[in-house]
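*Asks:* only the shape, not the letters, is given here:
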Ligand code: VOV
């Protein structure tokens, strides 16, 4: 057996994608739509409070294309809290006018491919990455991925040393995007259909394409990467919720 990578695990993560049922939403009287929007903003207010107390974080983005209309990304210390938030949203009146489009369950993950040193859970830089406040970047890009296990190309049969070297090269490419793209890698083995969720944040949306394309030529992605559906979107600040839902 080859040596398994050790992971550091942080907050649990739910990416919840919804499509708005504009047809029925339009049928409501304007005052009722207002009440529903206020109820939803009340939920967001609770999430803001949790975030201010550093007990979690969240992000709202509208999604471009037909896969979904908006995404709520939620980070919390436990799976139970994710479940409660999801259920609370589902019981809200806005949910009656949305259709679930997609979801992804995972946990913020760092792996030990890079040297860590002393107890990582005491290192403030590592803690900030395991329990991050999601940035208010203008754009988000989310996709799930696997490492291939096929014939000669089986990531999980490679010696630790080889995997570490490849991850070093991966990290070097990533570092060139410092300040342009922030990545949050969430592990989902045992939780969802792929092995990782990749969530990228950037103010310049084109940097997603440049980064992902450049990584395609790097061995760990070129030989071993398998990818699911991509979602790309724009920041939905609370002030924009009104205009987004205005009909
Ligand atoms: C924005 C840039 C960026 C940077 C700096 C970066 C760096 C790093 C480092 C240093 C490490 C290893 C240690 C750790 O921190 O876990 C990782 C780890 C990982 N990455 Fe990464 N990655 C980036 C970006 C980045 C992207 C764009 C992708 C998608 C790949 C693509 O082809 O579309 C990705 C994937 C991953 C994955 C799936 C893992 C876990 C792999 C495993 O087998 O465990 N990643 N990554």
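*Replies:* Good, I have the coordinates. Because the structure is predicted, anything quoted here is derived from the model rather than measured.
*Asks:* residues near the residue of the chain found nearest the ligand, how many?
*Replies:* Nearest residue of the chain to the ligand: residue 174, at 2.2 Å (C-beta to the nearest ligand atom). Bear in mind the C-beta positions are built from the backbone N, C-alpha and C, glycine included. Taking other C-beta atoms under 10 Å as the neighbour definition, residue 174 ends up with a count of 15.
*Asks:* start the count at 853, not 1, going forward
*Replies:* All set: I'll call the first residue 853, so the last point we hit is now residue 1026.
*Asks:* from residue 965, how far off is it?
*Replies:* Distance, residue 1026 to residue 965, using C-beta to C-beta, to the nearest Å: 12 Å.
*Asks:* do the same with residue 1057
*Replies:* Distance from residue 1057 to residue 965, by C-beta to C-beta: 29 Å.
*Asks:* so how far is the helix or strand containing the residue of the chain closest to the ligand from its chain's centroid?
*Replies:* Residue 1026 belongs to helix 1012-1027 when assigned by DSSP states H and E. The chain centroid and the centroid of helix 1012-1027 are separated by 22 Å under C-alpha atoms, centre = their mean, to the nearest Å.
*Asks:* buried sites along that helix?
*Replies:* Judged by neighbour count using 16 or more other C-beta atoms under 10 Å, the buried positions of helix 1012-1027 are 1015-1016, 1018-1019, 1022.
*Asks:* longest helix in this protein, by number of residues?
*Replies:* helix 882-904 (DSSP state H).
*Asks:* still on that earlier bit, could I get the buried residue list for the helix or strand that the helix holding residue 1026 is followed by?
*Replies:* From helix 1012-1027 onward toward the C-terminus, using DSSP H and E, the following helix or strand is strand 1033-1039. Buried residues in strand 1033-1039, counted by 16+ other C-beta under 10 Å: 1033, 1036-1039.
*Asks:* out of the residues you listed, which one sits closest to residue 902?
*Replies:* residue 1036 (17.6 Å; C-beta to C-beta).
*Asks:* and for the closest one, nearest residue in space, chain neighbours not counted?
*Replies:* residue 1051 (4.6 Å; C-beta to C-beta, 6 or more residues apart in numbering).
*Asks:* residue 987 too?
*Replies:* residue 1053 (4.8 Å).
*Asks:* for the one you found, helix, strand, or coil?
*Replies:* strand (DSSP: H, G, I helix; E, B strand; the rest coil).
*Asks:* re the thing from before, for the helix holding residue 1026, packing partners?
*Replies:* helix 1058-1068, helix 1071-1074 (3 or more C-beta pairs under 8 Å, 6 or more residues apart in numbering; DSSP states H and E).
*Asks:* switch those helices over to TSV; also include mean neighbour count and distance to the ligand.
*Replies:* As requested, those are exported to TSV (neighbours: other C-beta atoms under 10 Å; distance: least, C-beta to the nearest ligand atom, whole Å):
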stretch	mean neighbour count	distance to the ligand
helix 1058-1068	15	4
helix 1071-1074	16	3
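*Asks:* out of the buried residues of helix 1012-1027, the closest to residue 876 would be?
*Replies:* residue 1022 (45.5 Å).
*Asks:* now that closest one: closest residue in space, sequence neighbours ignored.
*Replies:* residue 1072 (4.9 Å).
*Asks:* buried set for stretch 911-928?
*Replies:* Neighbour-count burial for stretch 911-928 [16+ other C-beta under 10 Å]: 911-915, 919-928.
*Asks:* from the residues you listed, which land in helices?
*Replies:* Among the buried residues of stretch 911-928, no member falls in helices (DSSP H).
*Asks:* run a quick neighbour tally on residue 962.
*Replies:* Residue 962 - counted by other C-beta under 10 Å - has 18 other residues nearby.
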